[in-house]
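**Q** A predicted structure for the sequence below; I have some questions about it.
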Amino acid sequence: CQGRTGHAEVIQVTFDPKVLRLELLLEVFFGTHDPTTLNRQGADVGTQYRSAIYYHTPQQKKVALAAVVRAQMDWSSPIVTEVTEFEIFYEAENVHQAYYEMNKEAPYCRAVITPKMQNFKKDFGTKFE
């Protein structure tokens, strides 16, 4: 909460690249948050809110860097997303698991997450049917 750990708030996505391409996941990533704000997402400020992609293989790094270049065409400000080799993932506390599903009526969810979910469905819904 204080940003002193060096950790970033992230999700770890496990996927089968034969079913879902990393390029599409990264298109969603860049299309659902602001990758141009350093250490900030909306009202949340601190290094733990940085935009980041953590890759597991050299091929994933290559794909991620190419995605940054492609996404830059959609943003007038420079993208500050870090692309860094994966080291370790710490699972969040239980209170954070399935937070949106459990708290859809909470003010933060209604004001921030629900509109993002609606935009995701509008922009990417047909790609995941």
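**A** Cool, the structure landed.
**Q** now the farthest one out in the protein, which residue is it?
**A** The centre of the chain is farthest from one residue, residue 105, which by CA atoms, centre = their mean lies 22.3 Å away.
**Q** what sits against that residue?
**A** For residue 105, the contact set (CB atoms under 8 Å, 6 or more residues apart in numbering) is empty. C-beta: built from backbone N, CA, C; applies to glycine.
**Q** On the three-state scheme, it is what?
**A** Reduced to three states with DSSP: H, G, I helix; E, B strand; the rest coil, the structure at residue 105 is coil.
**Q** From the centroid of this protein, which residue is nearest?
**A** Nearest to the chain centroid, counting by CA atoms, centre = their mean: residue 29, 4.9 Å.
**Q** Residues in contact with the helix or strand containing it: which ones?
**A** Taking DSSP states H and E as the criterion, residue 29 maps to helix 22-31. The contact list for helix 22-31 (CB under 8 Å, 6+ apart) reads 13, 15, 35, 53, 60, 63-64, 67-68, 70-71, 74, 79, 81, 120, 123-124, 127.
**Q** switch to 6 Å and redo it
**A** 63, 67, 71, 123, 124 (CB atoms under 6 Å, 6 or more residues apart in numbering).
**Q** Keep only those of those residues that are in helices.
**A** 63, 67, 71, 123, 124 (DSSP state H).
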